[in-house]
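Enquirer: Just the structure for this:
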Amino acid sequence: MATLKCLSVLTPSELSWAASYLCLAWLAQLGNGAIQTITGPMQPYLAYNLGTDTQTINLVWTLGFSGFLIGSLFTSYVFTKYLTSSNKKLIFMSLVLLLTGVSTLLMPFMPNLPMLLLCRFSSS
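Expert: All right, here's what the predicted structure looks like:
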């Protein structure tokens, strides 16, 4: 039986890194979708628990999107300027995703509005 040989432009280590990156990026998008959508249904619950009205709790959206913008700019700067090897880039991305995940898990347990806004800012 004839065997098929796969021709690739990538070396085995580059192929491994690309597969790791693809999996991590896919999980990041899945997590990002969960982060962005969970805030909507949680708004009345958060407003009630924090003793504020729904207009004030809407700052959660503003701070979330501001954090997303600033975080994207900061991450891209660090990623391109200071991280020179593939391993450093993968570790950095993993740490950023870990921070996002922990911050998202802690969001419903924040005791006051400023802590919630800080948590939302760092989760985006």
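
Enquirer: where does this protein have low pLDDT?
Expert: For the chain, the stretches flagged by pLDDT under 70 are 1-7, 35, 124.

Enquirer: hey, where'd the helices end up in the protein?
Expert: In the chain, the helices defined using DSSP state H lie at 12-50, 54-57, 59-81, 86-106, 113-123.

Enquirer: Please produce a markdown table containing the ones you listed, extended by mean neighbour count.
Expert: To be clear about C-beta, it is placed using only N, CA and C from the backbone, and glycine gets the same treatment. Converted to a markdown table, the helices of the chain look like this (neighbours: other C-beta atoms under 10 Å):
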| stretch | mean neighbour count |
| --- | --- |
| helix 12-50 | 13 |
| helix 54-57 | 13 |
| helix 59-81 | 14 |
| helix 86-106 | 14 |
| helix 113-123 | 19 |
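
Enquirer: so what's residue 53 up against?
Expert: residue 47 (C-beta atoms under 8 Å, 6 or more residues apart in numbering).
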